[in-house]
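Sequence first, predicted coordinates after that:
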Amino acid sequence: QVQLVESGGGFVQPGGSLRPSCAASRITFSTYTMSWFRQAPGKERELVATITSTGGNTIRADSMKGRFTISRDNDKNTVYLEMNSLKPEDTAVYHCNAKRSMWGKTYEYWGQGTQVTVSS
């Protein structure tokens with residue numbers, strides 16, 4: 001069974017940094033587009049960042065540009081989200097997502113999430 005396991009969340013003060021990671025198993029990781037989403041209490045899940053199978057990456061929201069960086073290590077089947085200058089509004093559960101489309105069929109998987117709390 002496919003597994004995406006996030007880790008590296010935690011509690012940090014405003015201005016601090018965290019680097020959650022997501023380890024994938026039982027997929028051909030290098031062929032998947034990987035993304036990070038987040039969901040804050042009472043809010044809808046939102047896309048944070050995406051990195052394609054070939055390494056092209058985007059940070060979705062202007063509020064995160066310059067602070068967040070997504071990267072991947074295909075040898076370790078892992079995707080990372082470097083988060084700097086964290087703000088209280090970044091508090092959320094961060095989920096990773098693996099997706100690819102092939103021959104008209106879409107394969108998509110989610111991790112269980114890792115909690116990030118930014119507070120003084």
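Sure, I can see it.

ok, G113 touching R45?
No - at 9.9 Å, G113 and R45 do not qualify as touching, with contact defined as C-beta atoms under 8 Å. (Each C-beta comes from the backbone N, C-alpha and C, glycine too.)

Of those two, which one has the most company?
G113 (20 against 15; other C-beta atoms under 10 Å).

Now for S63, how many residues are close by?
12.

tell me the pLDDT at it?
Note for S63: predicted pLDDT of 81.

residues touching it, list them.
With contact set as C-beta atoms under 8 Å, 6 or more residues apart in numbering, S63 has these partners: E89.

so how far is Q3 from it?
Counting by C-beta to C-beta, to the nearest Å, the gap from S63 to Q3 is 30 Å.

Over to W103?
W103 sits 24 Å away from Q3, going by C-beta to C-beta.

These two: who's more crowded?
Using other C-beta under 10 Å as the criterion, W103 and Q3 rank with Q3 on top: 12 against 4.

That one against N77, yeah?
No - Q3 is beyond contact range of N77, at 10.2 Å (criterion: C-beta under 8 Å).

quick one: buried residues of the helix or strand of the chain at the bottom of the mean pLDDT ranking?
Least confident element among the helices and strands of the chain, by mean pLDDT, DSSP states H and E: strand 57-59 (a mean of 74). Across strand 57-59, burial judged by 16 or more other C-beta atoms under 10 Å covers 57, 59.

where do the helices sit along this structure?
When assigned using DSSP state H, the chain turns out to have no helices.

any idea which residue of it is furthest from its center?
Computed with C-alpha atoms, centre = their mean, the residue of the chain farthest from its C-alpha average is W103, at 26.0 Å.

Across the sheet, point out what pairs with V118.
V12 (DSSP bridges).

Also I70?
On the basis of DSSP bridges, I70 is bridged to L81.

so it touches A49, yeah?
Yes - here I70 lies in contact with A49, judged by C-beta under 8 Å, at a distance of 3.9 Å.
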